[in-house]
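Q: What would the 3D arrangement of this be:
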Amino acid sequence: MNNLGKKIINELSEINNFINASDLFSLVSTIDKSSNIFLTGVGRSGLMLRAFTNRLMHLGYNAYMIGDISTPHTKPNDILIIGSASGNSTHLFQQAEKAINDKLKIAVITANKESSLVKKADILVIIPTQTKDTNPTSLQPMGTLFEQSSLLLYDSIVLMLMEKNGETSDSMKTRHANLE
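A: Sure, this is the predicted structure:
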């Protein structure tokens, strides 16, 4: 791997040391108890959530990316997971308000502990990175470190849920799309 790749891996390793484990365990527990899991994010953060939604489905959860045509109606025992580096997207804030009115749990994964979405969260996971709106601390541009870190966080949650529910790669494969 080239020198820049090593620097990226070092940045990711450092960020992992600052994610609060109890917040992560709270999110895992709430996901596991929820009837339906709704996920939302925009841009590259949304793409990371789309990958997470797919793995949650492979685990056997009812997981839906907001905006997909097959997303069902919500109910009170559901959770809305919002991923947003800035935590200030008006669109995501409006979705959170609607979900709160419908009595969903709200989980927010963000880099900005002062954001408007933080005030809406029942569960909050802070990934302490720069955003496109803050001063650069990463060698990578804008919110790249947040996006990479969030994908690793989501994959960690998948591993935690696999262990909790006795799932394996083989059992998950039975839920993988067969019409590709």
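Q: does residue 137 really touch residue 129, like I thought?
A: Yes - using CB atoms under 8 Å, residue 137 is in contact with residue 129, at 7.5 Å. Using the backbone N, CA and C atoms, a C-beta is placed for each residue, glycine as well.
Q: In the chain, what residue spans correspond to helices?
A: With DSSP state H as the criterion, the chain has helices at 3-16, 21-33, 43-58, 90-101, 144-165, 169-173.
Q: Packing partners of the first one?
A: Spelled out, that is helix 3-16. When contacts are defined as 3 or more CB pairs under 8 Å, 6 or more residues apart in numbering; DSSP states H and E, helix 3-16 sits against helix 144-165.
Q: now do the third one
A: For helix 43-58, the contact count by 3+ CB pairs under 8 Å, 6+ apart identifies strand 37-40, strand 63-65, strand 79-84, helix 144-165, helix 169-173 as packing neighbours.
Q: Looking at residue 137 and residue 129, which is more packed in?
A: Taking other CB atoms under 10 Å, residue 137 and residue 129 do not tie; residue 129 has more neighbours (26 against 11).
Q: before we move on, back to that, mean neighbour count, the helices and strands packed on helix 43-58: which tops it?
A: strand 79-84 (a mean of 28; mean count of other CB atoms under 10 Å).
Q: send the alpha carbons of it over as PDB?
A: Only the C-alpha atoms of strand 79-84 are listed here, as PDB (Å, rounded to 0.1, in the frame of the first residue of the first chain):
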ATOM      1  CA  ILE A  79     -36.100   3.300  15.000                       C
ATOM      2  CA  LEU A  80     -34.900   6.000  12.700                       C
ATOM      3  CA  ILE A  81     -31.100   6.000  12.200                       C
ATOM      4  CA  ILE A  82     -29.800   9.300  10.800                       C
ATOM      5  CA  GLY A  83     -26.200   9.600   9.600                       C
ATOM      6  CA  SER A  84     -25.000  13.200   9.000                       C
END
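Q: Give me the distance between the residue lying closest to residue 28 once chain neighbours are set aside and residue 67.
A: Nearest non-adjacent residue to residue 28, counting by CB to CB, 6 or more residues apart in numbering: residue 160, 4.9 Å away. Distance, residue 160 to residue 67, using CB to CB, to the nearest Å: 26 Å.
Q: any low-confidence regions in this structure?
A: For the chain, the stretches with pLDDT under 70 are 1.
Q: swap the cut-off to 90 and go again
A: Along the chain, the parts satisfying pLDDT under 90 run over 1-2, 16-17, 130-143, 179-180.
Q: just checking, residue 99 touches residue 38?
A: Yes - checked against CB under 8 Å, the pair residue 99 and residue 38 is within contact range at 7.4 Å.
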